[in-house]
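> Pasting a predicted model and its sequence here:
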Amino acid sequence: MWHIFESLNTSVCTVLLLGGAYATYKVARMLTAPLAAVPGPWHSKITSAAYFYALLRGKTFSYLTEQHRIYGPVIRLDSVSITDANAVRTVLSTHRFRKGRLYKVAKFGGGHSKKMIAPAFSNVAMINLEPIIMDVGINKIVKVLEKKGAGGAPVDLFKTLMCMTLDVTCAVALGGSFNMLEADNHPITSWVHGILVLALTRHMFGEKPAELMLPNRREAKNAPKDVLQSLIEAVDDNTGEGLASSDIVSEIITLLLAGSDSTATALSWSIILLSDHPECMKRLVAELDEAFPSIDEPITHNKVAGLTYLNAVLHEVLRQRSPSSIDLPRVTPNGGATLGGHFIPGETEIIISPYAVTNDARNFERPLEFDPSRWLVSSEMVSEMKHIYIPFSMGARACLGQNLAWLEMRLALATILRKFTFKILPGQNLQPVLRLVLQPSDARMMVTAIRRTS
Ligand code: HEM
C-alpha cells in the first residue's frame, strides 16, 4: 500500500488525504446532524446544489412541490421546507419565528414601517380607492386595448397589465400615476437598480441623495392622504422619531414592486388558465353578461364582489399559480420547535413556498386540476380550505395590500372579459417561471383582444 503513496508526489498525497478527511467529516455530520431524521433527498445531506440549481432556473416552486410529493410535508434540504397545514400556520401566524436571511438581502429600507403604513391599506381606505383604480387603471386599459388591438393586431397583454397595476399602485402610494399605460413602459429594472444605488449612496453620502429624490412632500400643505404621506408622518412608538428619507424611498420602491407585478401576473394567469379551460371561461363570461347586461354599464366593486364564479376563478388562479411564490424564509426560535411531528432545532431556517403548499395533495384534492368549482361549496368547506390558503401569506406578516389586490383583480378581470374576447397567440412559452414573481417564461403574452359589441 505505502509504495503507491511513495510513487505519488507530496502535493497529490496531501490533496487525497484532505479529500478523504473532508468526506469522512461530511458522512459523520450527515449521520449525526440534528436534521438527519427529517426525510429528504439523500444528496441534500451533503450539498444543496439541487435546490440552488432550481433557484437559478427559476424553478424552486416546482422542485419543492415534487420533493414534498415524494418525501412528505416536512423535508430537509439546505434548510427545512414545510407544507404541513398546522406547521405552516404555527410558523407564519406569530412573530416567534423571525424572518430569514433573504429579507436582509432584499430589504434596504429597514422594513420596520409595516405598522406605520398599514392604515393606508385598511378596508375603509380601499372603498375610497375604487374611483382612483377605475380612473388610473381600468378605464385606461380598456382604451389602450381598443387602440392597440384594433383590427386584431397582437397585443402584449402581460406587459399592458403590468403597466396598469404599476399605475394603480403608484397612484395609491404616491398620489399620482406614472402613466405607464400610456407610455407603454415598465421600469422594473431601473427600480431594482434604484434600490441598489440608494443603498450604496447612503453609505457614501448619508441621507442627502434620498432627500433629493423625495418630492417636496415634507413641506407640502394639503398633501394627499396616500401611503407616502403616512410614511412621512409616521413616528416610531419607541424612539419618537420619524423615518429617514432613504428608508421612505426604498419602502416606496419595495411597495411598488410588491404591489404591481404580483397583481398583474395573477391577472395574466387568469387569462391563460381560463383560455386553457374554455368551459370555465364560458361560465365566467355568462355570469358577467348577466350581471352587466349592457356592455357600457359601469363595473362597480359592489357588484363584482358578489359574483360567485368570478371570485371562485380568482381564488383558484391564486391557488394554482400563487404569484408570490418565492419561498418565505423564517428561523426557528432558540429552543427549537416541533413541526409536523419532527423536532427542528433552534436557529434552523424554515422555508415555506406558497406554491408548494397550495399544490400539495395533502392540502388540496386534485391540486393540478384547475377547478374553480372547488370553491363553490359550503362556507365550512371554504373555511377549511382557507386554513391553508396562503397566496398572501398569513398571520403577523401577511400581505398588506391584499384588499387592494382583490379590489383591483375583480374590477380588472370583470371589465376586460365583459368588453373583450381574448385569444392567446400560438408559439409562446407560457410555462411558469419564478423571477421575483411567478410569470410566463417568455415574460410576455401575445393575444388578440377583440372588442365585444354587446
Ligand atoms: C395578487 C396580488 C398579491 C399577492 C399574491 C401578494 C402576496 C404577498 C405575500 C405572499 C407577501 C408576504 C411576503 C413575505 O412574507 O415575505 C406580501 C407582502 C406584502 N405585500 Fe403583497 N401581494 C399582492 C399584492 C399586493 C399589493 C397590491 C400591495 C400594495 C400595493 C402589496 C403590498 C405588500 C406589502 C407592503 C407587503 C409586505 C408586508 C410586510 O412588510 O410584512 N401586495 N404580499
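In hand now; what should we look at?
> which residue is nearest the centroid of this protein?
For the chain, the residue nearest the mean C-alpha position is residue 324 (1.7 Å; CA atoms, centre = their mean).
> Wait, it touches residue 354, no?
Yes - assessed by CB atoms under 8 Å, residue 324 is found in contact with residue 354 at 6.3 Å. Glycine gets a C-beta too; all of them are placed from N, C-alpha and C.
> Would you double-check that the residue nearest to the centre of the chain falls in a helix?
No - counting by DSSP: H, G, I helix; E, B strand; the rest coil, residue 324 is not found in a helix; it is coil.
> average pLDDT for stretch 277-289?
Mean per-residue pLDDT for stretch 277-289: 98.
> List of residues touching it?
Stretch 277-289 has contacts (CB atoms under 8 Å, 6 or more residues apart in numbering) with 273-275, 307-310, 313, 370, 372, 414, 417-418.
> Now the buried members of these.
273-275, 307, 309-310, 313, 370, 372, 414, 417-418 (16 or more other CB atoms under 10 Å).
> Which ones among those residues lie within helices?
273-275, 309-310, 313, 414, 417-418 (DSSP state H).
> quick check, nearest of these to the ligand?
Ranked by distance to the ligand (CB to the nearest ligand atom), these are led by residue 313 at 13.4 Å.
> Please name the nearest non-neighbouring residue to the closest one.
Leaving out its chain neighbours, the residue that sits closest to residue 313 by CB to CB, 6 or more residues apart in numbering is residue 372, at 4.6 Å.
> Residue 429 now?
Nearest to residue 429 is residue 441, by CB to CB, 6+ apart, at 4.1 Å.
> Kindly report the same for residue 445.
residue 158 (4.0 Å).
> next SSE after the helix or strand where the one you found lies?
In the assignment (DSSP states H and E), residue 158 maps to helix 157-174. Next along the chain after helix 157-174, taking DSSP H and E as the criterion, comes helix 180-183.
> Output the contacting helices and strands for that following helix.
Judged by 3 or more CB pairs under 8 Å, 6 or more residues apart in numbering; DSSP states H and E, helix 180-183 is in contact with helix 139-148, helix 157-174.
> Just name the most buried of these.
helix 157-174 (a mean of 26; mean count of other CB atoms under 10 Å).
> any residue of that helix up close to the ligand?
Yes - taking CB under 6 Å from any ligand atom as the criterion, helix 157-174 and the ligand are in contact, through residue 169.
> before we move on, what about stretch 385-396?
Yes - residues of stretch 385-396 are located near the ligand by CB under 6 Å from any ligand atom, namely 391-393.
> Which of the residues in that stretch are classified as buried?
Neighbour counts over stretch 385-396 (16+ other CB under 10 Å) mark 385, 388-394 as buried.
> residue ranges for the helices of the stretch 351-454 of the chain, please.
Remark: helices assigned in the stretch 351-454 of the chain by DSSP state H, counting those that start in this stretch are 354-358, 379-386, 402-419.
> and those helices, which is most packed in?
By mean count of other CB under 10 Å, the helices of the stretch 351-454 of the chain have helix 354-358 as the most buried, with a mean of 27.
> Packing partners of that one?
Judged by 3+ CB pairs under 8 Å, 6+ apart, helix 354-358 is in contact with helix 60-71.
> And the ligand, is the helix it packs on touching that?
No - shown here: helix 60-71 not in contact with the ligand (CB under 6 Å from any ligand atom), separated by at least 12.5 Å.
> Identify the residues contacting that helix?
39-41, 50-51, 54, 75, 77, 81, 83, 322, 325-327, 351, 353, 355-356, 359-361, 432, 434, 438.
> can you tell me which of the buried residues of stretch 385-396 lies nearest to the ligand?
For the buried residues of stretch 385-396, the nearest to the ligand is residue 393 (3.8 Å; CB to the nearest ligand atom).
> what residues does the chain put near the ligand?
111, 114, 169, 255, 258-259, 262-263, 266, 323-324, 328, 354, 391-393, 397, 399-401, 404-405.
> In strands only, show me those.
Judged by DSSP state E, strands contain the following of the residues of the chain next to the ligand: residue 328.
> who touches residue 292 in this structure?
299, 303, 414, 418.
> Correction: the previous question concerned residue 330.
Residues counted as contacts of residue 330 (CB under 8 Å, 6+ apart) are 91-92, 97-100, 349-352.
> domain parsing for the chain?
Annotated domains of the chain cover 37-107+325-364, 109-323+391-453 [the TED database].
> Buried residues in stretch 239-251, which are they?
242-251.
> Now compare those residues and name the two farthest from each other.
242 and 250 (15.1 Å; CB to CB).
> Check whichever residue of the chain sits closest to the ligand and give its pLDDT.
Distances between the chain and the ligand by CB to the nearest ligand atom are smallest at residue 401, namely 2.0 Å. Listed pLDDT for residue 401 reads 88.
> next one: residue 76
93.
> partners of it in the sheet?
residue 80 (DSSP bridges).
> Residue 43 is in contact with that one, correct?
No - with contact defined as CB under 8 Å, residue 76 does not count as touching residue 43 (11.2 Å).
> Which of these two has more residues huddled nearby?
Ranked by neighbour count (other CB atoms under 10 Å), residue 76 and residue 43 place residue 76 first, with 23 against 12.
> Tell me who's in contact with that one.
35, 38-40, 44-45.
> Please apply the same query to residue 326.
Here residue 326 is in contact with 60, 102, 353, 434, 436-437 (CB under 8 Å, 6+ apart).
> which among the contacts of residue 76 gets closest to residue 380?
When the contacts of residue 76 are compared against residue 380 (criterion: CB to CB), the nearest one is residue 39, at 32.5 Å.
> Not counting its neighbours along the chain, what's nearest the closest one?
In space, residue 39 is closest to residue 71, 4.3 Å off (CB to CB, 6+ apart).
> Before we move on, what's the pLDDT of that neighbour?
97.
> before we move on, what about residue 302?
93.
> Could you look up the SS state of it?
Residue 302 - assigned by three-state DSSP - is helix.
> count of neighbours near it?
With other CB under 10 Å as criterion, residue 302 counts 8.
> Equivalent analysis for residue 428, please.
Around residue 428 there are 16 residues (other CB under 10 Å).
> can you pull the contacts of it?
440, 442, 444-446.
> what residue ranges in the chain score low on pLDDT?
Scanning the chain for pLDDT under 70 picks out 1-9, 13, 22-33, 101-117, 119-125, 176-178, 184-221, 223-226.
> hmm, try it at 80
Scanning the chain for pLDDT under 80 picks out the ranges 1-34, 45-46, 78, 100-128, 173-258, 325, 396.
> follow-up on the earlier one: my understanding was that the residue of the chain closest to the ligand contacts residue 261; is that so?
No - the pair residue 401 / residue 261 is not scored as a contact, 11.8 Å apart, by CB under 8 Å.
> Residue 262: what's it in contact with?
323-324, 405, 437.
> Quick check: closest non-adjacent residue to it.
Closest to residue 262 by CB to CB, 6+ apart is residue 323, at 4.3 Å.
> now swap in residue 38 and tell me
residue 76 (4.0 Å).
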